Structure formats: C-alpha cells, structure tokens
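Colleague: The sequence isn't on hand, but the structure is:
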C-alpha cells in the first residue's frame, strides 16, 4: 500500500521502518526533519508538510497528545485538507475519547475514513514488530488497512466500528499499567524496608504469582532504578491518566485509583521527573519510606 506516516519518535520511527520492510511505499513527515531523513536511507519518501504525506491510501499519525495531533490534522496543510475522498487516517496515538469522536465526525464530513488504532508495547516491541493493535472503525476501513497492522504488530484486536472505543480501551489499559507500577513500587519498598533485597523480592514475585511480562518489565526498571532513557516519558503517563479520568467522568464511572495516580505523577513531575520513564513513579514509595538507592 501507499501510506503516509506522521510522527517519528521512538515508536513512530520503528513502525514506519517495519512498514518499509514489509514492502509498503511510505512517505514520512516529522517536525524535526532529521528523523524523517533517517528513514529515507531505508527507502522512505520525505514530505515537507503533513499535507504532502496525504497523497496516499492511508496515513498514520503517532503523536504525543491531542494538541500535536490537531496541529497536523487541521488547517490548510493538514490531513483533512490533504486526504483524498475515501482515504483513511489511522491514529495510532493515545488520544482522548473526545478527540477520537471529533476526528470521526470531521473525516466523515470530508468524505474520508478514520480508524483509531492505538498500540500496546514499548519501543523495543515496536522495533520487533511485536505491538498489539487495538483497532476500531468502519469494517471496510479496518479491513483495508489490516495489512499495515500485520506489518507492525503481532496481533490486532478489532473492538468496535466506533473509533472512540479503541481510545477508551487504550486509556483504560494504560491506567492498569500505571496501577501496576504503583503497586510494584509500594510492595518493593515495604519488602526492602524490612530488609529484603528488592531484586530478590522481584524474582520471587515474577517466578510465582506475577509472571506476566508487565511485572517483569516494570519491576525490573523499578528495582534497577533505570528510568533513563525513557521508553515512555512520565509526562505522557500523566497525560494518559488525565484522559482516563476525563473519559470516566463523562461516563459517570468513579476511578479512585486513577485520582491517586494523577497525584503521584504530579509529584514525580514536580520533582524534576519530566525526562524519566513513567515507571519512575514506582520509585516514589521508596523515597517516601526513607530508602536510598
């Protein structure tokens, strides 16, 4: 397929690279052109504007937040102005439910199609084409771009014909990951304060009751205090919890743990954690307990 890709951070660059490896014709755009040029070596065409990436059957966006997404979708050089009738915008970003609803409506008014397809997986999973894609949109649109999903991920879950459902699943999933990080941090702080080596404690947990990759991955980062370079930066984690709370409020669903996590992320950011991985939230409990690294 001919596909555009906008947003070439750690995740986006790896995803675009895998699309190229799968034989798709990829046009890339990034605000920092050097990241786009790096993919030109692999065969990508470099666009000078978001609109130039729209001369394709589909366009991915992988951007940090709603504002960044709106900046490339709207305006004279944006996706809505540049995409042909029937072309598909695939948002792989973690965005608000409200933004997903807005883009569904605006693309439909322009005669275009919108698919929300946020992904689960850190940069190493993106590089290995092992992402899990949560897709939602009209069946014909999702079917049309399924070869693209096959190129970047190990499995695609189609959850609804309403794109907003995929955004909700992604936000709720990130809420659960953040909850796990906080739980790991608190439990490890308790054990360590009681004289148990935190690495040994983690080995016990992940060899018995908690064998899922999420415990091993984030538990290892917390035990090693390895929060740089960030695979998923703390401000993005804070953003996702805020969006989960907004979605919950719109549906009248209390999320007491999410409210706690919002404050934990704000604490981390207030103490200079902007460049740290979001798993650094798991080290706050140790500091609260008076433990030193």
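Modeller: Right, received. Where do you want to start? Note that the structure is predicted; figures quoted are calculated from it, not measured. Numbering: from 1, shown residues only.
Colleague: now the strands for the stretch 101-250 of the chain?
Modeller: Assigned by DSSP state E, counting those that start in this stretch, the strands in the stretch 101-250 of the chain fall at 113-116, 119-120, 131-136, 153-160.
Colleague: which outside residues touch the first one?
Modeller: When contacts are taken as CB atoms under 8 Å, 6 or more residues apart in numbering, the neighbours of strand 113-116 outside the stretch itself are 86-91, 95, 100, 103-104, 107-108, 134-138, 140-142, 145, 163-167. All C-beta spots, glycine's among them, are computed from the backbone N, C-alpha and C.
Colleague: Over to stretch 185-199?
Modeller: 201-202, 205, 219, 222-224, 281-286, 288-291.
Colleague: among the residues you listed, which ones are buried?
Modeller: When those are checked for burial by 16 or more other CB atoms under 10 Å, the buried set is 201, 202, 205, 219, 222, 223, 281, 282, 283, 284, 285, 286.
Colleague: What residue in this protein is the furthest from its centre?
Modeller: Seen from the C-alpha centroid of the chain, the residue lying at the greatest distance (CA atoms, centre = their mean) is residue 195, 36.7 Å away.
Colleague: What's the separation between that one and residue 250?
Modeller: According to CB to CB, to the nearest Å, residue 195 stands 46 Å off from residue 250.
Colleague: who's in contact with the residue lying closest to residue 130 once chain neighbours are set aside?
Modeller: Setting aside the residues directly before and after it, residue 130 is nearest to residue 154 in space (CB to CB, 6 or more residues apart in numbering), at 4.8 Å. By CB under 8 Å, 6+ apart, the contact set of residue 154 is 129, 130, 131, 132.
Colleague: can you pull the pLDDT of residue 293?
Modeller: For residue 293, the pLDDT comes out at 78.
Colleague: how many neighbours does the nearest residue to residue 167 once chain neighbours are set aside have?
Modeller: Ranked by CB to CB, 6+ apart and with sequence neighbours excluded, the top spatial neighbour of residue 167 is residue 100, at 4.2 Å. Per other CB atoms under 10 Å, the neighbour tally for residue 100 reads 27.
Colleague: what's residue 100 in contact with, if anything?
Modeller: By CB under 8 Å, 6+ apart, the neighbours of residue 100 are 91, 116, 163, 164, 166, 167.
Colleague: So for the helix or strand harbouring it, mean pLDDT?
Modeller: Following DSSP states H and E, one finds residue 100 within helix 97-109. In this model, helix 97-109 has a mean pLDDT of 98.
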